[in-house]
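> Model the structure of this input:
(chains A, B, C and D)
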There are 2 protein chains.
Amino acid sequence: MATIKDVARAAGVSVATVSRVFQGSPLVASATARQVQRAAVCLDYSPNGAAQSLSTRNARTLGVLLPDLHGEFFSEAIRGIDHAVRAERFQVLLSSSHADAREMISVARSLRGRIDGLIVMAPDAGSARVIEDIARYFPVVLLNPGVRAKSCCAVSIANSDGAHQVVRHLIELGHERIAIVRGPSGNVDAKERLRGFRKALRKAGLGVPRGFEISGDFTQRSGYESAQTLLGLRPRPTAVFASNDYMAIGLMSALSEAGVRVPEELAVAGFDDIPLAQYVRPPLTTVRANAYELGERAVRMWFDSARARIARKVPRHEVLPAALVVRSSCGSGNGAALRPSLEEAGPPARAVNQIERERRRPLGG
Amino acid sequence: MATIKDVARAAGVSVATVSRVFQGSPLVASATARQVQRAAVCLDYSPNGAAQSLSTRNARTLGVLLPDLHGEFFSEAIRGIDHAVRAERFQVLLSSSHADAREMISVARSLRGRIDGLIVMAPDAGSARVIEDIARYFPVVLLNPGVRAKSCCAVSIANSDGAHQVVRHLIELGHERIAIVRGPSGNVDAKERLRGFRKALRKAGLGVPRGFEISGDFTQRSGYESAQTLLGLRPRPTAVFASNDYMAIGLMSALSEAGVRVPEELAVAGFDDIPLAQYVRPPLTTVRANAYELGERAVRMWFDSARARIARKVPRHEVLPAALVVRSSCGSGNGAALRPSLEEAGPPARAVNQIERERRRPLGG
DNA sequence: TTGTATGCGTTATCAG
DNA sequence: CTGATAACGCATACAA
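Next up, the predicted model:
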């Protein structure tokens, strides 16, 4: 592979000049620049990134640390990150599937010299110290964090507000006995959604009868299993908010087997708006969280705080709004079309357009 | 940040010794090693990756170039890649959302010095030259490539065979007039699936009546729109193979609106086994392509060929088997449970376990 | 077993 | 406008 020296020699100039040309420096005669460019093309030269990093002390690369995630949320977040990073002409160094915090920190350390900063997603609350530790090495932005770290910026989804919205929706539809299927206990998203649930009920002057807060773990199975508990409650709830869509779908399938009609006998709502949500019967009323935007914002926030490093570094915390998506799994109070969601307009209209935009997949695989 | 020099000074040794300790060299007295380690911990030192890369001339990093992909396939492929890369103690430099080949090549060039090789996914047939170009810089493994490049290894999905299987399944169920909704014309997955379709019919001595090969573009909308064409055919087909699940689902929704019963009046099959496939009504018979494994294999193949560099470099091409997943959208010939798929066993049994494994998402968002 | 010295490919600081 | 040359942080051949 050709180096800057080879180009310099071929162009009959010094390495300094070649370097200047490649950085678009104005301090070089255009004739000389052309010479250099010709030589570079001829030798198929491009600068060595490692050498640049070493010399300039920055890598033009952002690291991304993720837990072992599956599914749409993961890929959308990455897409958002990649998009925003690309806009800054940076690169993404991805490291996912981290089991525990210890592993995360060792990976983060091994990244020294290769990245300028990190986007970290640590959903469990136990990792506070680890995060602080990592943040000593690089500027860190937390993505939907399970914990607030004093020293770093963060961007997260309005879990509490989203839950609040959907529960308020149920209340507006006339429900007074509303249950929740909770998420895993260590998970902060779950905790926040529970908080929003409680707040909405409290605001409406409704109580939460004993046993109306059923435990779950975000898996479809736990939703399925919650049905039994749910149907055994007396008085029986008329509506239930499942803390995520997977559980809502599991629950609905159990209800269907038990011959309980949704939403007539029991209204069901979820959270996340996974792609499935609009296809189950009845289509699921839920809350949309935009993972793409979450990733994008995290990166923007990183660059903002990097640029403001000279000024006072005051860690911000952005919260992305969550949007209620009304479908039919909660009924619609008086009229069937009281509050139609976009997706309900029928396939050839706007709905399909949106589906296409979101789900287009030019590759077979 | 502490450098190797600081550690050397603090430990009272030379930088060479520190370097040796960090590489686990046996040529250092254990007492000295402890000294060094203590100093390193004390100074919170870890080696600078850029400097290492520059010195050793390798980056312990694999680049991953992807087109603008959404959805499960994307994230699963990345997971597989990440997993395999991690096993080799390498890192992943990800660059997705590439619109065209030109962009891809410029990104690839800019990676010089930062990566040791590339996993490239280029589904459109036009990029052959670009690939060859990139392969001059780094060893490249193609992931589900749209084109065979002479100089690099590749791993892809058995598109043709998968299509062959599902069409043969239709034939075994007694269908004789089978149509296809094709994928985009430039796309190699689509082409291969069409090939498998034709082959299965030919083998069975069945013809493809004029008009039975309907064009589509892998979007749900195009599947929806294909229904009209399909229902206008005389004689009308009794079964249709949609080249991917999105189109199959769009088609089924159109059929449902038109009052055409699936599978009684028209059997429908898809390809990909997207998560949705088991939730639509009726659950979709399709072909499963394992994206996780695809990514994993690509990486393994890269390391294999990197290690064999000394020996003759003969580009291999692996094809991952595709598996027929029988659900109910094609009916089941004589008996309803003639050939039940795992997913049909009912929620609390194995089916849900699998769903959980596949779709567990410990994070709210 | 340890230290010295050189090179890796760039950038950047000075002189010209 | 251009050219030497000293960093950048580490690995390693060679010497001791």
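> Straight-line length of stretch A:150-169, end to end?
From its first residue to its last, stretch A:150-169 covers 35 Å (CA to CA, to the nearest Å).
> If you could redo that for stretch A:281-292, that was the one I meant.
The first and final residues of stretch A:281-292 sit 27 Å from each other (CA to CA).
> So for it, what gets flagged as buried?
Within stretch A:281-292, the residues that qualify as buried are A:282, A:283, A:284, A:285, A:286, A:287, A:288, A:289, A:290, A:291, A:292, counting by 16 or more other CB atoms under 10 Å in any protein chain shown. For the C-beta atoms, the positions are set from N, CA and C on the backbone; glycine is no exception.
> Now render the residues you listed as a markdown table, adding distance to DNA strand D, secondary structure and pLDDT.
Listed next are the buried residues of stretch A:281-292 as a markdown table, based on distance: CB to the nearest atom of the strand, whole Å; DSSP: H, G, I helix; E, B strand; the rest coil; pLDDT from 0 to 100:
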| residue | distance to DNA strand D | secondary structure | pLDDT |
| --- | --- | --- | --- |
| A:282 | 60 | coil | 87 |
| A:283 | 56 | coil | 87 |
| A:284 | 52 | coil | 93 |
| A:285 | 55 | strand | 97 |
| A:286 | 49 | strand | 97 |
| A:287 | 47 | strand | 97 |
| A:288 | 46 | strand | 94 |
| A:289 | 41 | coil | 89 |
| A:290 | 40 | coil | 91 |
| A:291 | 36 | helix | 91 |
| A:292 | 36 | helix | 93 |
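> ok, those vs chain B, which is closest?
Chain B lies nearest to residue A:289 out of the buried residues of stretch A:281-292, by CB to the nearest CB, at 5.0 Å.
> quick check, nearest of the buried residues of stretch A:281-292 to DNA strand C?
Nearest to DNA strand C among those is residue A:292, at 32.8 Å by CB to the nearest atom of the strand.
> got a list of what the closest residue to residue A:60 other than its chain neighbours touches?
Leaving aside its chain neighbours, residue A:60 sits nearest to residue A:90 (5.1 Å; criterion: CB to CB, 6 or more residues apart in numbering or on different chains). Residues in contact with residue A:90, defined by CB atoms under 8 Å, 6 or more residues apart in numbering or on different chains, are A:60, A:61, A:62, A:116.
> what packs against the strand or helix carrying residue A:305?
Of the helices and strands defined by DSSP states H and E, residue A:305 is found in helix A:291-307. If contacts are counted by 3 or more CB pairs under 8 Å, 6 or more residues apart in numbering or on different chains; DSSP states H and E, helix A:291-307 sits against helix A:71-87, strand A:117-120, strand A:140-143, strand A:153-157, strand A:317-320.
> For the residue lying closest to residue A:45 once chain neighbours are set aside, give its distance to chain B.
The shortest distance from residue A:45 to any non-neighbouring residue, by CB to CB, 6+ apart, is to residue A:2 (4.2 Å). Distance of residue A:2 to chain B, given as CB to the nearest CB, to the nearest Å: 10 Å.
> Check for me that residue A:2 belongs to a strand.
No: read with DSSP: H, G, I helix; E, B strand; the rest coil, residue A:2 is coil and lies in no strand.
> count of neighbours near it?
A count of neighbours around residue A:2, defined by other CB atoms under 10 Å in any protein chain shown, yields 15.
> what does residue A:139 give?
Counted with other CB under 10 Å, residue A:139 comes out at 18.
> what sits against it?
So residue A:139 contacts A:116, A:117, A:118, A:152, A:302, A:305, A:306, A:309 (CB under 8 Å, 6+ apart).
> 6 Å - rerun?
A:117, A:306 (CB atoms under 6 Å, 6 or more residues apart in numbering or on different chains).
> For DNA strand D, give me its nearest residue in the stretch 151-300 of chain A.
Closest point on the stretch 151-300 of chain A to DNA strand D, by CB to the nearest atom of the strand, is residue A:151, at 22.7 Å.
> Number of residues surrounding that residue?
Other residues close to residue A:151 by other CB under 10 Å number 13.
> List the contacts of it.
residue A:135.
> ok but it is inside a strand, no?
No: under three-state DSSP, residue A:151 falls outside any strand and is assigned coil.
> can you give me phi and psi for it?
Torsion angles at residue A:151 (phi, psi; degrees, to the nearest 10) stand at phi -90, psi -10.
> What parts of the stretch 51-200 of chain A come near chain B?
Counting by CB under 6 Å from any CB of the partner chain, the residues of the stretch 51-200 of chain A close to chain B are A:51, A:53-54, A:71, A:73-75, A:82, A:91-94, A:96-97, A:109, A:112-114, A:123, A:144, A:157, A:159, A:189.
> Quick one: buried ones out of these?
Neighbour counting by 16+ other CB under 10 Å classes A:51, A:53-54, A:71, A:73-75, A:82, A:91-94, A:96, A:112-114, A:123, A:144, A:157, A:159, A:189 among these as buried.
> just the helices in chain A please.
A:4-11, A:15-22, A:30-43, A:49-56, A:71-87, A:101-110, A:128-135, A:159-172, A:188-203, A:220-232, A:245-257, A:291-307, A:350-359 (DSSP state H).
> Need the per-residue pLDDT for whichever residue of the stretch 101-250 of chain A sits closest to chain B.
At 2.6 Å from chain B, residue A:189 is the closest residue in the stretch 101-250 of chain A, using CB to the nearest CB. Looking at residue A:189, its pLDDT stands at 89.
> how much space is there between residue A:103 and DNA strand D?
Per CB to the nearest atom of the strand, to the nearest Å, residue A:103 is found 21 Å from DNA strand D.
> Check the gap between that residue and residue A:210 for me.
Residue A:103 is 41 Å from residue A:210, where distance means CB to CB, to the nearest Å.
> In terms of neighbours, single out the busier of these two.
residue A:103 (15 against 7).
> And the pLDDT at that one?
82.
> what about stretch A:115-124, distance to the chain center?
12 Å (CA atoms, centre = their mean, to the nearest Å).
> Any chance you could list what contacts that stretch?
With CB under 6 Å, 6+ apart, stretch A:115-124 has contacts from A:58-59, A:61-66, A:93, A:138-143, A:145-146, A:186, A:298, A:302, B:363.
> ok, now stretch A:317-336?
When contacts are defined by CB under 6 Å, 6+ apart, stretch A:317-336 is touched by residues A:154-158, A:162, A:165-166, A:169, A:173, A:262-263, A:267-269, A:273, A:282-289, A:294, A:338-339, A:341.
> Okay, domains of chain A per the record?
With domains defined by automatic domain parsing, chain A comprises A:4-56, A:61-157+A:291-320, A:159-289+A:322-360.
> Which one, of these, ends up nearest to residue B:217?
Closest of the domains of chain A to residue B:217 is domain A:159-289+A:322-360, at 8.9 Å (criterion: CB to CB).
> Show me the shaky parts of the stretch 101-250 of chain A.
Within the stretch 101-250 of chain A, the stretches with pLDDT under 70 are A:123, A:125-126.
> ok, now with 80
When residues are selected by pLDDT under 80, those of the stretch 101-250 of chain A lie in A:101-102, A:122-128, A:146-151.
> Sweet, I'm off.
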